[in-house]
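S.K.: below are the sequence and a predicted model; questions follow.
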Amino acid sequence: MSDIILALPVLFPLISGIIMLIRPVRDEKWNRKQELFIEGLVILNSLFVAAAIAGSMSGERRLVVFRLYSVLTVMFKLDQMGSVFAGLVAFLWPLATLYAFEYMKHEERKNTFFAFYTMTYGITMGIALSGTLVTLYLFYEMLTLVTLPLVLFTLTVEAVRAARAYLYYSIGGAAFAFLGLIFVLGYSGIGTSEFVAGGMLDMPRAMANRDTLLLLYVLAFFGFGVKAALFPCYRWLPKAAVAPTPVTALLHAVAVVKSGAFAILRLTYFSYGAEFLRGSWAQWVVMGAAMVTIAFGSTMAVREVHWKRRLAYSTVSNLSYILFGATLMTPFGLAAALSHLVAHAFMKICAFFCAGAVMHQSGKTYIYQLNGLGKKMPVTFACLTISSLSLMGIPLFAGFISKWNLAMAAFDSGSGLGIGGVAVLLYSALMTGIYMMTVVVRAYFPRLAGKGEKPGFDEETAKTASQEVTDPSWRMVVPLVIFAGAIVVIGVHSAPLMRLLMTIGGEAG
């Protein structure tokens with residue numbers, strides 16, 4: 001099979017989205033044919049990804065697109081870690097698109113929405129398939145440009161403010177990441193910017209200037225960490241909850257935040273190299289930042305009463321679970337980080353889509369408005385319960401597997417700070433139980449729910465949700481059931497996934 005297959009998952013949705021913008025379909029002419037066309041091209045792109053992954057099983061595949069200058073090469077490459085991220089995105093995107101059709105059916109400017117939604121698929125695949133740090137940085141910047149119109153979509157005052165914050169934070173983070181890129185390439189020992197398991201640095205030269213490179217690593221870590229909502233660069237994420245739920249779900253579960261975490265894994269294990277970073281002051285700084293973010297995000301989630309913003313703060317916390325695993329700088333740490341990257345994607349997209357289903361069917365957006373909805377929307381809240389239990393880390397669900405791996409990797413690392421991180425994980429699990437089960441208890445047992453958490457709480461309205469509220473149509477329900485099923489399957493049969501992730505960790509760590 002030709003290596004051109006590596007470019008198709010990136011270029012096909014990009015070109016398709018551009019054509020949709022050039023030749024738009026007016027809202028009054030939008031019908032089921034347009035939806036079938038979009039769903040078809042998204043599924044076709046996922047098949048391209050599957051073909052690329054299947055073709056790479058015999059070894060890494062690479063495709064040089066063009067060379068800018070010297071080591072500045074734009075190249076696609078599919079290794080095992082890239083396959084994990086690419087496969088995850090390819091599985092989730094068609095289901096998210098199906099959900100979006102129902103959610104957006106009464107909205108205006110659907111053509112613009114789905115054009116950028118589809119292009120975001122291509123850009124995210126560009127990050128997953130990046131073979132060099134230059135390519136990764138290029139698509140990382142492009143991701144900001146194609147997702148900004150989605151955050152801005154409703155054109156409300158809140159959306160404008162959220163888009164502005166997202167843009168400012170992203171530009172600042174990209175600047176710091178660029179500094180790290182320049183120095184890594186300057187000290188590359190392989191004459192190219194291609195990702196290499198174990199790092200690409202010329203060790204004798206790098207060790208002679210170690211403190212400078214460590215400083216640039218920390219700056220790049222926080223730069224890429226902006227999209228992973230690392231403290232104190234998290235504020236854009238809760239603000240972005242004003243976007244339509246299909247957007248926020250992908251921002252929080254797949255495209256943006258996972259791209260930030262994935263970039264940090266590439267930077268740490270495939271650019272600098274864990275051996276160069278392990279035991280340094282830079283490791284303690286970034287590990288400490290991840291631990292602070294875990295505790296801070298889960299605490300803020302308990303305080304938040306707006307449902308989607310609560311889930312946003314949950315994302316702030318959970319993304320740093322991945323970063324905590326990365327900063328352990330061990331093979332097991334990398335495997336544990338990747339396991340949470342996969343598990344969190346299913347848990348969080350399921351939770352956000354449940355919130356979106358409730359908003360779509362009832363208009364309820366605050367926690368104190370959800371009393372009694374569990375009986376009226378049984379499928380939605382059953383899926384939410386599975387997602388909540390998994391986020392808490394209850395056995396037999398995917399979240400338990402990933403959190404167990406992170407705790408074991410921390411103990412295995414032997415570092416005092418890493419072991420201290422286990423206490424942070426336990427604290428976050430407690431907070432997760434509070435902020436997620438509060439919603440579940442209100443939905444199923446309204447009499448056990450307390451009074452409103454905010455002034456102006458209408459107790460009667462909260463107790464008696466509209467009799468017309470029901471589960472949404474199959475286009476929303478099917479993705480929810482599949483996501484909930486995946487959470488259970490990973491929880492009870494994680495061995496094949498962990499064998500793959502441990503192989504990746506062993507090669508790169």
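M.R.: Good, I have the coordinates. Predicted model, so just to flag it, every value in this text is computed and none were measured. Residues are numbered from 1 along each chain as shown.

S.K.: pLDDT weak spots in the stretch 301-450 of the chain?
M.R.: Scanning the stretch 301-450 of the chain for pLDDT under 70 picks out the ranges 449-450.

S.K.: kindly recompute the last result at 80.
M.R.: 447-450 (pLDDT under 80).

S.K.: just the helices in it please.
M.R.: For the stretch 301-450 of the chain, applying DSSP state H, counting those that start in this stretch gives helices covering 307-327, 331-362, 373-376, 378-392, 398-413, 416-444.

S.K.: ok, now the stretch 151-300 of the chain?
M.R.: Using DSSP H, counting those that start in this stretch, the helices assigned to the stretch 151-300 of the chain run over residues 157-186, 203-208, 210-225, 236-239, 245-253, 256-265, 274-277, 281-303.

S.K.: a markdown table for the helices of the stretch 301-450 of the chain, including distance to residue 29?
M.R.: Placement of C-beta: from N, CA and C, glycine included. Output for these, formatted as a markdown table (distance: least, C-beta to C-beta, whole Å):
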| stretch | distance to residue 29 |
| --- | --- |
| helix 307-327 | 31 |
| helix 331-362 | 23 |
| helix 373-376 | 35 |
| helix 378-392 | 32 |
| helix 398-413 | 42 |
| helix 416-444 | 39 |
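
S.K.: go through these and name the closest to residue 262.
M.R.: Residue 262 lies closest to helix 331-362 among these, at 7.3 Å (C-beta to C-beta).

S.K.: distance between stretch 351-360 and the chain's centre?
M.R.: Relative to its chain's centre, stretch 351-360 lies at 18 Å (C-alpha atoms, centre = their mean, to the nearest Å).

S.K.: identify the residues contacting that stretch?
M.R.: With contact meaning C-beta atoms under 8 Å, 6 or more residues apart in numbering, stretch 351-360 is reached by 96, 99, 102-103, 244-246, 248-249, 252-253, 307-308, 311, 314, 364-365, 370, 373, 377, 380-381, 383-384, 387-388, 391, 436, 471-472, 476-477, 479-480, 483.

S.K.: quick check: mean pLDDT across the host helix or strand of residue 127?
M.R.: Using DSSP states H and E, residue 127 sits within helix 110-128. Averaged over helix 110-128, pLDDT sits at 91.

S.K.: do the same with stretch 41-57
M.R.: Averaging pLDDT along stretch 41-57 gives 90.

S.K.: what's in contact with that stretch?
M.R.: With contacts defined as C-beta under 8 Å, 6+ apart, stretch 41-57 is touched by 1, 5-6, 8-9, 12-13, 16, 61, 78-79, 83, 86-87, 89-91, 93-94, 97, 118, 121-122, 125, 129.

S.K.: so which bits of it are buried?
M.R.: Going by neighbour count (16 or more other C-beta atoms under 10 Å), the buried part of stretch 41-57 is 41-42, 45-46, 48-49, 52-53, 55-56.

S.K.: show me where pLDDT drops low in the stretch 151-300 of the chain?
M.R.: Residues of the stretch 151-300 of the chain that meet the cut-off, pLDDT under 80, sit at 186-193, 202, 206, 250-254.
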